[in-house]
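> pasting a predicted model and its sequence here:
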Amino acid sequence: MNNYKELIVWQKSMLLVEIVYQLTNSFPDGEKFGGTNQIRRSAVSVPSNISEGAGRNSKKEFRNFLGIANGSLNELITQLELSSRLGFASEHKLKDALSLGDEIQKMLYSLIRKFSKI
């Protein structure tokens, strides 16, 4: 697996990063170096780990990086839900990000299962 750009899960993860950056632009100034930074880093970690794993030498290593990407996605979803509870973002704006996150998570689980059988 070398051409990660062809993976739909990577493409959707990149879209999620764009949505997260747009969403966090409206966060309070006091969150710019705290929550905003952490949310953005976890979002960027998802496609980054997918691409890094795809560049590795074995399917086992790829599966490992898919697991790391999934962990980052769980972290992101938690942070987005927390930002909603704290009133940093509206439910409407978060809905798209959380929905796409759920879709990506299903795709990651599917790939992890696929590469666990090898």
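Nice, I can see it. Residues are numbered from 1 along each chain as shown.
> I'd say residue 16 and residue 102 touch.
No. Checked against Cβ atoms under 8 Å, the pair residue 16 and residue 102 is beyond contact range at 10.6 Å. In this view, the C-beta of every residue, glycine as well, is placed from N, C-alpha and C.
> who's more crowded, those two?
residue 16 (23 against 12; other Cβ atoms under 10 Å).
> the more buried one in helix, strand or coil?
Of the three states, residue 16 takes helix under DSSP: H, G, I helix; E, B strand; the rest coil.
> and the helix or strand where residue 76 lies, what does it pack onto?
Taking DSSP states H and E as the definition, residue 76 sits inside helix 59-85. Contacting helix 59-85 under the criterion 3 or more Cβ pairs under 8 Å, 6 or more residues apart in numbering; DSSP states H and E are the following elements: helix 8-24, helix 35-54, helix 91-116.
> most tightly packed of the ones you listed?
Greatest average neighbour count among the helices and strands packed on helix 59-85 goes to helix 35-54 (a mean of 21), per mean count of other Cβ atoms under 10 Å.
> remind me which residues of the chain are low pLDDT?
Low-confidence segments of the chain, defined by pLDDT under 70, span residues 1-2, 118.
> hang on, the earlier thing: now distance to residue 76 too, for the helices and strands packed on helix 59-85, in CSV please.
CSV is the format used below for the helices and strands packed on helix 59-85 (distance: least, Cβ to Cβ, whole Å):
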stretch, distance to residue 76
helix 8-24, 7
helix 35-54, 4
helix 91-116, 6
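> who wins for proximity to residue 79 among those helices?
Nearest of those to residue 79, taken as Cβ to Cβ: helix 35-54 at 4.7 Å.
> identify the residues contacting that closest one?
1-5, 7, 9-10, 13-14, 16-17, 20-21, 24, 27, 61-66, 68-69, 72-73, 75-76, 79-80, 82-83, 88, 104 (Cβ atoms under 8 Å, 6 or more residues apart in numbering).
> could you do stretch 100-115 as well?
With Cβ under 8 Å, 6+ apart as the criterion, stretch 100-115 contacts 8-9, 12-13, 15-16, 19, 46, 59-60, 62-63, 66-67, 69-70, 73-74, 76-77, 80.
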